[in-house]
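Trainee: The sequence and its predicted three-dimensional model are supplied below.
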Amino acid sequence: MSVFADETLLFEPAEPRPDALPTVFAFPNTYSVGITSLGYQVVWAMLAARPELAVARLFTDASEPLPRSPGLVGFSMSWELDYINVMALLEELDIPLHAVDRTDQDPIVFGGGPVLTANPEPFAAYFDVLLLGDGEISIAALVDAVLASRDRPRADRLEALAQVPGLYVPQLYAVEYTDPTGPIAAIRPLSDRIPAVVTKQTYRGNTLSASTVVTPRAAWENIFMVETVRSCPELCRFCLASYLTLPFRTADLDDSLIPAIDRGLQSTNRLGLLGASVTQHPEFDRLLDRLSQPAYENVRLSVASVRTNTVTEKFARVLASRDCKSITVAVESGSETVRQIINKKLDQADIERAAVNAKAGGLSALKLYGMAGIPGETIADIEATATMMLQLKKAAPGLKLTLGCSTFVPKSHTPFQWFGINSEAEKRLKLLQKRLRSNGIDFRPESYNWSIIQTLISRGDRRLTPLLELVRAYGAGDTDNPDRVSLGSYRRAFKELRDRVPPLDYYVFQNWDLDQVLPWEHLHGPLPIATLKKHRAEAVTLMPSGAIA
Ligand code: SF4
């Protein structure tokens, strides 16, 4: 039986008109992964609600009946390595891989989602148009522009799309390099009819996203997801989820959030509150009161990671009474100095209080996220993280503690975008492992090699396109499992392309010059680059001398 037969739709798809544009909307991974993406669900519903489009969904392992000649094909990309699946699906649809090779007979291929919004450049070759910013604005604008230009030659259509705020047409911009293996010299539009910069579009309404479909086949079985807040006002200096999506916005509790929850709970009893920082909703306490009422007794509640100093006993109690056993907080480091460097406004007492409250409220586990290799970090700071975990064990005996730890990865549009990753990070992860596992604390390091690949893509430019294609040909490892991704294929591809692309070191480990042209220089996020530099400079003043050249 088709996976689609198990779905409960929470919106009304339009009946396509006879002349509707055949459209494919793809998630370049399995159905189970794709349908669990709130972003994918919401954009699909926006497209399917338009009678001018006849939309079929496509995943790597399932699809609705596909049109023979689609006029519009979209991809929502949530995970970097899914680029391999984007290529495979384009081939499956018989569409030339590179946008510049497409003709008037080929569809317009668009892309969006977190990976492409952050830095689309390594993947720019595959897309005719990329959506920068909130879907509430850019999807309707894209569809209108595609329909309005339907019978025109491709070159005219691309030029028309480039005029729409927030729509980026990569092939209409030329990138020049100081030399083939050096930094970018300039990024220019090909003609004066094309805007020199594309600015991310911001939705300012107070109704945020909610699931448009519930299914037992989702990775979180039958979950109804509701976006409680968008962005985060805390501005931790490495954090893409905050910097790229500013300003901080909240769903209106009475007019939108509670009605959405009540609607969703008519189809399931599993509720997920989503957002970079859900407990920072100004009326979160009132939401908790609501969810504590007997009417919600059978609800299974999950929340995304929350700010450590917002874990109250009441919050933990409500979660525990709603079938949630554990909570996740991101502390990043046990060192006060490092937390100041990254602007994490948190002290040891806050962290201990979160553990004590979690236990007192009836939760059985607390998961903490940390990072190794944060710019300015020393070995003493890693030791401080180990000490912090041991103190937590004492402060909340019996609470199961887990520390998940990744390597710092620089992200575009953040003040830390100029820093490379610390080549000592792997050793530091091992040190933490030694300290914690010998004391009975569950330690789960993220693969260091995976962090290297993430950084490569995060700070990559268009010169990586042939490299990524070589990696695909060599075999990228198990792309569903970060621990099994093959860094060897990337190293081999760098060797093969030596003198044609900068070395891996340039993208991953080097601290970039503050004045060098960034690959995303022409794609403007919410804050001006001068503000990011100021935030970076504030961090550098807090680093031990000599930590950063
Ligand atoms: S509190 Fe969390 S979501 Fe907010 S800026 Fe810091 S790391 Fe990002």
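Mentor: Received, thanks.
Trainee: Residue 439: neighbour count?
Mentor: Using other CB atoms under 10 Å, residue 439 has 12 neighbouring residues. The C-beta positions use only the backbone N, C-alpha and C, and glycine is treated the same way.
Trainee: Kindly report the residues of the stretch 201-350 of the chain close to the ligand.
Mentor: Along the stretch 201-350 of the chain, the residues adjacent to the ligand under the rule CB under 6 Å from any ligand atom are 232, 234, 235, 236, 239, 241, 242, 276, 277, 307, 330.
Trainee: same thing with the chain?
Mentor: Residues of the chain lying close to the ligand by CB under 6 Å from any ligand atom are 232, 234, 235, 236, 239, 241, 242, 276, 277, 307, 330.
Trainee: show me what contacts the third one?
Mentor: Contacts here follow CB atoms under 8 Å, 6 or more residues apart in numbering; on that basis residue 235 touches 242, 243, 343, 535.
Trainee: So residue 325 is in contact with residue 367, correct?
Mentor: No: the pair residue 325 / residue 367 is not scored as a contact, 10.7 Å apart, by CB atoms under 8 Å.
Trainee: Sticking with residue 514, tell me its helix or strand.
Mentor: For residue 514, there is no enclosing helix or strand under DSSP states H and E.
Trainee: close enough to count as contact, it and residue 418?
Mentor: Yes: using CB under 8 Å, residue 514 makes contact with residue 418 at a distance of 6.0 Å.
Trainee: So for the two, which residue has more residues nearby?
Mentor: residue 418 (20 against 11).
Trainee: Give me the pLDDT value at that one.
Mentor: Residue 418 carries a pLDDT score of 98 in this model.
Trainee: cool, the one 3 residues further on as well?
Mentor: Among the per-residue scores, residue 421 shows a pLDDT of 96.
Trainee: And the one 5 residues further on, by the same measure?
Mentor: Each residue has a pLDDT score; the one for residue 426 is 96.
Trainee: That one falls within a helix, correct?
Mentor: Yes: under DSSP: H, G, I helix; E, B strand; the rest coil, residue 426 sits within a helix.
Trainee: doesn't residue 447 make contact with it?
Mentor: No: using CB under 8 Å, residue 426 is not in contact with residue 447, being 9.5 Å away.
Trainee: Check which residues of stretch 2-19 are buried.
Mentor: Buried residues in stretch 2-19, defined by neighbour count with 16 or more other CB atoms under 10 Å: 3, 4, 7, 10, 11, 14, 16.
Trainee: out of residue 325 and residue 367, which sits in the busier spot?
Mentor: When residue 325 and residue 367 are compared on other CB under 10 Å, the one with more neighbours turns out to be residue 367, at 17 against 11.
Trainee: Specify the local secondary structure of the more buried one.
Mentor: Criterion first, three-state DSSP; result for residue 367: strand.
Trainee: so what's the closest residue to residue 170 other than its chain neighbours up against?
Mentor: With CB to CB, 6 or more residues apart in numbering as the criterion, residue 170 has its nearest non-adjacent residue at 3.6 Å, and that residue is residue 124. For residue 124, the contact set (CB under 8 Å, 6+ apart) comprises 130, 170, 171, 462, 465.
Trainee: how close does residue 124 get to residue 111?
Mentor: Counting by CB to CB, to the nearest Å, the gap from residue 124 to residue 111 is 9 Å.
Trainee: so who does the closest residue to residue 100 other than its chain neighbours touch?
Mentor: Of all residues not flanking residue 100 in the chain, residue 171 sits nearest, at 5.5 Å (CB to CB, 6+ apart). The neighbourhood of residue 171, defined by CB under 8 Å, 6+ apart, consists of 99, 100, 124, 128, 158.
Trainee: State whether the second one is indeed within a strand.
Mentor: This points to residue 100. No: under three-state DSSP, residue 100 sits outside any strand and is assigned helix.
Trainee: Could you pull up phi and psi at residue 184?
Mentor: phi -70, psi 140 (degrees, to the nearest 10).
Trainee: Now it: closest residue in space, sequence neighbours ignored.
Mentor: Counting by CB to CB, 6+ apart, the nearest residue to residue 184 once its immediate chain neighbours are dropped is residue 517, at 4.2 Å.
Trainee: residues in contact with the one you found?
Mentor: Per CB under 8 Å, 6+ apart, neighbours of residue 517: 183, 184, 185, 186, 187.
Trainee: circling back: min pLDDT across the residues of the stretch 201-350 of the chain next to the ligand, which one?
Mentor: Across these, the bottom pLDDT score, 85, is held by residue 277.
Trainee: out of everything not next to it in sequence, what's closest to it?
Mentor: residue 232 (4.1 Å).
Trainee: Look up phi and psi at the one you found.
Mentor: Torsion angles, degrees, to the nearest 10, at residue 232: phi -150, psi 130.
Trainee: again, but for the one 4 residues further on
Mentor: The main-chain torsion angles of residue 236 are listed as degrees, to the nearest 10 and equal phi -60, psi 130.
Trainee: you'd agree it is up against residue 307?
Mentor: No: taking contacts as CB under 8 Å, residue 236 lies outside contact range of residue 307: 10.1 Å.
Trainee: circling back to that earlier point, out of the contacts of residue 124, give me the one that has the most neighbours.
Mentor: residue 130 (28 neighbours).
Trainee: My reading is that that one lies in a strand. Confirm?
Mentor: Yes: membership of residue 130 in a strand is supported by three-state DSSP.
Trainee: residues touching it, list them.
Mentor: Counted by CB under 8 Å, 6+ apart, residue 130 has contacts 110, 111, 112, 116, 120, 124, 167, 168, 169, 170.
Trainee: any chance of those in CSV, plus secondary structure?
Mentor: Formatted as CSV, the contacts of residue 130 follow (three-state DSSP):
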residue, secondary structure
110, strand
111, strand
112, strand
116, helix
120, coil
124, helix
167, strand
168, strand
169, coil
170, helix
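Trainee: Quickly name whichever of the residues you listed is closest to the ligand.
Mentor: Set against the ligand, the nearest of the contacts of residue 130 by CB to the nearest ligand atom is residue 116 (20.0 Å).
Trainee: I'd like the distance between the closest one and residue 188.
Mentor: Distance, residue 116 to residue 188, using CB to CB: 21 Å.
Trainee: again with residue 529
Mentor: According to CB to CB, residue 529 and residue 188 sit 17 Å apart.
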